[in-house]
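Asker: Structure for the following, please:
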Amino acid sequence: MAEAPTYEISFMLRRILVPFDGSSLSVKALNIAVDLARHYGSHLTVLYVKMPGEKEDPLELAKSIVGRRITNVKYKAVELAGNESISTIILREAVEESYDIVVVGARGKTSYFDLAIGSIPLALAVNSTSSVLIVR
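Answerer: Predicted coordinates:
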């Protein structure tokens, strides 16, 4: 089977942001973002917003998922501080770093399994200045 064509530069998807918390849907979103980055030559940033005192580091999982599939990848952890919300930090990152698209899972590690979409992807879809791809 022939490999799908790749492009050196895409002016529509130059920079991709993936908020990552280690949940199954964030893993799926990361895999989709890696595929987009491979095909369009995009720069990918995997962002983890860490709760104060949290010891878990899902970025190690993200690194193992990405592996050597792409080389234009950066991993970033930002600690939640003060009265900021996770969505505020992600939105600020998207604006300050001029991402073209945010690829996010429809839900994170919420215990409410009846929710079709969580509060963070909803806030991103409503408030982001860049495109948002919500992965189910």
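Asker: residue contacts, the residue lying closest to Arg38 once chain neighbours are set aside?
Answerer: Counting by Cβ to Cβ, 6 or more residues apart in numbering, Arg38 lies nearest to Ile70, which is 5.5 Å off, once chain neighbours are set aside. Yep, even glycine has a C-beta here, placed from its N, CA and C like the rest. Listed by Cβ atoms under 8 Å, 6 or more residues apart in numbering, the contact set of Ile70 reads 34, 37-38, 44.
Asker: Widest-spaced pair of these?
Answerer: Every pair in the contacts of Ile70 was compared (Cβ to Cβ); the two farthest apart turn out to be Arg38 and Leu44, at 9.4 Å.
Asker: The two - which one has more neighbours?
Answerer: Neighbour tally, Arg38 and Leu44, criterion other Cβ atoms under 10 Å: the higher count belongs to Leu44, 25 against 17.
Asker: SS state for that one?
Answerer: Under DSSP: H, G, I helix; E, B strand; the rest coil, the three-state class of Leu44 is strand.
Asker: Does it touch Asp35 like I think?
Answerer: No - taking contacts as Cβ atoms under 8 Å, Leu44 lies outside contact range of Asp35: 10.4 Å.
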